[in-house]
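J.: Need coordinates for the following:
(chains A and B)
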2 protein chains.
Amino acid sequence: MNYEIYVTYRAGIFDPAGATARRGLEQIGFDGIHDLSIGKYIRLNTDATREQVTEMCEKLLANPVIEDYRIVETED
Amino acid sequence: MNYEIYVTYRAGIFDPAGATARRGLEQIGFDGIHDLSIGKYIRLNTDATREQVTEMCEKLLANPVIEDYRIVETED
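T.: Numbering: from 1, shown residues only, chains lettered A, B, ... in the order given. Presented below is the predicted three-dimensional model:
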């Protein structure tokens, strides 16, 4: 089974990579950026069930204290 | 306009974070992982056009030598 997992910072948690990228884009002339966040895009091919993938997120792939994650089963 | 950008390593390029996560999952007992890759999931709210967002990817958000990127316009 293929899964895609989207890991993002929870509301209110500082996103250092996103802040740095935004500043960099502004410095090279891109104005009008209202928001920019950088999370993780994980692609996983495994025999595991969705419940097991949730457990992988809780234990290692995400940090539930500061991050949210969304798991999507995909066809390809 | 809102965009989601998915940045992934090009075929054949080593993915150190993905390899480390896979080994970590195996060490805590998750077997049957056939493939695991970790890319970037960027969310961007900007006045920029899609062409300008492509330029942002080429110049700063991705490294076109080793990474592919996919830009999706979203509603929310």
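J.: distance of the residue of chain A most remote from its centre from B:E26?
T.: The C-alpha centroid of chain A is most remote from A:G29, which lies 26.5 Å away (C-alpha atoms, centre = their mean). From A:G29 across to B:E26, the span is 45 Å (C-beta to C-beta, to the nearest Å). Bear in mind the C-beta positions are built from the backbone N, C-alpha and C, glycine included.
J.: How about A:Y69?
T.: 20 Å.
J.: repeat for A:V7
T.: For A:V7, the distance to B:E26 - C-beta to C-beta - is 20 Å.
J.: what bits of chain A have low per-residue confidence?
T.: Applying pLDDT under 70 to chain A flags the ranges A:76.
J.: Which strands or helices does the top strand by length along chain A pack on?
T.: The longest strand of chain A (DSSP state E) is strand A:33-46. If contacts are counted by 3 or more C-beta pairs under 8 Å, 6 or more residues apart in numbering or on different chains; DSSP states H and E, strand A:33-46 sits against strand A:2-9, helix A:16-27, helix A:50-56, strand B:2-9, strand B:33-46.
J.: Around chain B, pick out the residues from chain A.
T.: The interface of chain A toward chain B, taken as C-beta under 8 Å from any C-beta of the partner chain, is made up of A:6-8, A:18, A:21, A:24-25, A:28, A:30-48, A:52, A:55-56, A:59-61.
J.: from those, which would you call buried?
T.: With burial judged by 16 or more other C-beta atoms under 10 Å in any protein chain shown, the buried subset of the residues of chain A next to chain B is A:6-8, A:18, A:21, A:25, A:30, A:33, A:36-46, A:48, A:55-56, A:60-61.
J.: ok, for A:E75, nearest residue in space, not its chain neighbours?
T.: A:N2 (7.2 Å; C-beta to C-beta, 6 or more residues apart in numbering or on different chains).
J.: Who does the one you found form a beta bridge with?
T.: A:N45, A:T74 (DSSP bridges).
J.: list the buried ones in the host helix or strand of A:I71?
T.: Using DSSP states H and E, the element containing A:I71 is strand A:67-74. Buried residues in strand A:67-74, counted by 16+ other C-beta under 10 Å: A:67, A:69, A:71.
J.: quick one, it and strand A:33-46 angle?
T.: Using axes from the mean of the first three to the mean of the last three C-alpha atoms, to 10 degrees, the direction of strand A:67-74 lies 50 degrees away from that of strand A:33-46.
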